[in-house]
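K.L.:
Predicted model follows, preceded by the sequence.
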Amino acid sequence: MTLLFASADASRLVRLSTVDLVIIVFYFALVLAIGFYLKERSNTGEDFFMAGREMTAWIAGLSFLSANLGSLELMGWAGAAYQYGILAAHWYWIGAIPAMLFLALVMMPFYYISKTHSVPGYLKLRFGEGSRALSSISFALMTVLMSGINMYSMALVLKIILGWNINFSIWVSSLTVAIYVSLGGLRSAIFNEVLQFILIWAGALLIPILGLTDAGGWGALKTRIATNASAEYTHLWSTLGRFDDNPMGIHWTGIVFGLGAIISFGYWTTDFLVVQRVLSAKDLRAAKMAPIIGAGFKMMVPFIVILPGLLALAVLPMKLTGEAQAIATGGHSYNEVLPLMLARYCGPGLLGLGITALIAGFMSGMAGNVSAFTTVWTYDIYRALIKRDGSDQHYVSMGRWSTIIGVIISVGTAYLVMDFKSIMDYVQALFSFFIAPLFGTVILGMLWKRATPAGGFLGLLAGTLSSIGMWAWVKVDSSALRYVALSAHARDMAENMYRALWSWVVCVLVTIAVSMLTKPKPDSELKGLVYGVTDIPSESYVTVFHRPWFWASVVAVLFLVVNVVFW
Amino acid sequence: MKTGGSLSIWFFIGASLLVNGLLIFGAGVYELFHPPEEQVVLHGLHANVWWGGILAVIGGVYCIYFAPGKGRL
């Protein structure tokens, strides 16, 4: 068994014991068992693609969050916390919570009442086939490409940490995901995501507990970080008054308007990877509660991601560096923070559970990508553009095959990235081009009934092209950064924030201008799709404690509290 | 939420926590009597004993509460 897992690489970070390997093998066996067990419940299109629309708020909410909580997310943001300090927590708080609550209370009724299968499906109902084709083709393409990049990155991490062969990691993990998603469809993906969510917490929670004990508590941790790095690393807002006052080189306007208002709303409310989980809820109240439950847990994720990065600044004896410098010097990179902390505190058994948490994170992210790709491909591309008159069974069969083909394309992308690493940067940039303008199109479509099909399509197209244009401008002429990001000191993340903001503004302005010049749809065609002409079911039949707005208010208050506490 | 037959997803989660907890607890108890040459930081806290125990107890409770045939969601 050990020979199978390990290559001849002697530079691995940790060495697994037999009990660690048993825990990892048990995990793979369990996720496959769930896939086989659920196969009998995935025979219709509604079952396979929408999990029968019978998930409870808790299952849909945890799955909603788990699909986002990939291992690269865990390791990447732990590394970012080491690099930028507590500023990285903005991506979990202002960069997520307001958008998740907005999805729950404002947008979910329209997604749910329209009975759409997907976000591109909503665009078809609201703006017509052109908008659906543009968003579905770009989403399907980018989803499988991103899945491949994540797959390669994870295999590389497993090679560094455990010395596992890259081919072995790629094929075993991708085949496992392909089997359980193609057998049980979205229901299998969702059930495994809930399991993976629990395992991620069980495996990662011990690091901050032991780390804080090791550091001597939060007060001592802050003192040690101030000595080893800078006191700025433990402040969330007070250093954002100037671009050059904080480790990220960002201004508070970029965080509030770029990240908080555009990027996070774009991702959490229109990225079908996460929205699909909520669409599987059993009724509208469950669909509204699911993102609120997800938001409550999202607020706690920094405890297992950001805090370990901060702890590493205080307790690790070595200095971590960027990837290129780490390779050149034989040191460790920022992205190795979590594995290094696992190796520091976790003995036999706990190490296996920690590694299982990382693998579970990777697989939940990949299954999310693959199941979303399968639905968009089958309903929004294949059925819409290639074969309109197939039977339900035909589309289920296409869903199973497209799952396998999606995984194969992802594996191909992983190998392509292995040979041409710069592709990774380009594909990640490409993915970001679509998110912000799509939010502009969807939100205008839901809240402004005057928006027309031509306005929606041209606005989406203009927003996307403007984002690509700004990205290319800075690539060709780096001095353009002072115009795009408002400062020559802005770093990559700050540039992304402002590019998203401008592309959203372009999308909205073009949509409004074109809509005012073209003929709107009659109200009768907008029922169930737009605010003002849709009857939203009353919640007066349930007690206050069962109403989504009550729990959204609780989460909102806690959100304000954590921001003030770590100001 | 029930799955295809009579098993709840929470039963699967309970089984996972129970098995993992017992394995980690067992490894921790073994280390009590056979201390490793290379010890992790804070080894003296024996985290694998109590963390494994906590996971096993939670998993056991879930397995019993959501056992097949109990009819709980």
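P.N.:
Alright, I've got the coordinates.

K.L.:
Contacts (any at all) between chain B and whatever helix or strand residue A:226 lives in?
P.N.:
Assigned by DSSP states H and E, residue A:226 belongs to helix A:218-228. No - judged by Cβ under 8 Å from any Cβ of the partner chain, helix A:218-228 and chain B are separated, with a smallest distance of 14.9 Å. For every residue, glycine as well, the C-beta is placed using N, CA and C.

K.L.:
Quick check, residue A:322 in contact with residue A:335.
P.N.:
No - Residue A:322 is not in contact with residue A:335 according to Cβ atoms under 8 Å; the separation is 9.4 Å.

K.L.:
Mind giving me the packing neighbours of the helix holding residue A:226?
P.N.:
Helices and strands touching helix A:218-228, by 3 or more Cβ pairs under 8 Å, 6 or more residues apart in numbering or on different chains; DSSP states H and E, are helix A:206-215, helix A:306-315.

K.L.:
Specify the angle between the first one and helix A:218-228 in degrees.
P.N.:
Put simply, helix A:206-215 runs at 80 degrees to helix A:218-228, going by axes from the mean of the first three to the mean of the last three Cα atoms, to 10 degrees.

K.L.:
and helix A:206-215, is it in reach of chain B?
P.N.:
Yes - contact of helix A:206-215 with chain B (Cβ under 8 Å from any Cβ) involves A:206, A:210, A:213, A:214.

K.L.:
Packing partners of that helix?
P.N.:
helix A:218-228, helix A:306-315, helix A:337-345, helix A:350-375, helix B:47-65.

K.L.:
try it again with 7 Å
P.N.:
helix A:218-228, helix A:306-315, helix A:337-345, helix B:47-65 (3 or more Cβ pairs under 7 Å, 6 or more residues apart in numbering or on different chains; DSSP states H and E).

K.L.:
returning to what we had before: looking at residue A:322 and residue A:335, which one has more neighbours?
P.N.:
A direct count of neighbours by other Cβ atoms under 10 Å in any protein chain shown for residue A:322 and residue A:335 places residue A:335 higher, at 24 against 13.

K.L.:
I'd like to know which of the helices and strands packed on helix A:206-215 lies nearest to residue A:353.
P.N.:
Closest to residue A:353 of the helices and strands packed on helix A:206-215, according to Cβ to Cβ: helix B:47-65, at 8.2 Å.

K.L.:
So what touches stretch B:47-66?
P.N.:
A:202, A:206, A:210, A:345, A:347-350, B:8, B:10-11, B:13-18, B:20-22, B:24-25, B:27-29, B:31, B:72 (Cβ atoms under 7 Å, 6 or more residues apart in numbering or on different chains).

K.L.:
And the closest residue to residue A:372 other than its chain neighbours, how far from chain B?
P.N.:
Spatial nearest neighbour of residue A:372, chain neighbours left out: residue A:273 (4.5 Å); criterion: Cβ to Cβ, 6 or more residues apart in numbering or on different chains. Using Cβ to the nearest Cβ, to the nearest Å, we find residue A:273 at a distance of 21 Å from chain B.

K.L.:
Tell me if I'm right that residue A:273 and residue A:370 touch.
P.N.:
No - in terms of Cβ atoms under 7 Å, residue A:273 does not count as a neighbour of residue A:370; the distance is 9.8 Å.

K.L.:
Now do the shared contacts for these two.
P.N.:
By Cβ under 7 Å, 6+ apart, no residue touches both residue A:273 and residue A:370.

K.L.:
So these two - more neighbours on which side?
P.N.:
The residue with more neighbours, out of residue A:273 and residue A:370, is residue A:370; 28 against 23, by other Cβ under 10 Å.

K.L.:
what about that one, distance to residue A:410?
P.N.:
7 Å (Cβ to Cβ, to the nearest Å).

K.L.:
what touches both of the two?
P.N.:
Counting by Cβ under 7 Å, 6+ apart, the contacts common to residue A:370 and residue A:410 are residue A:147.
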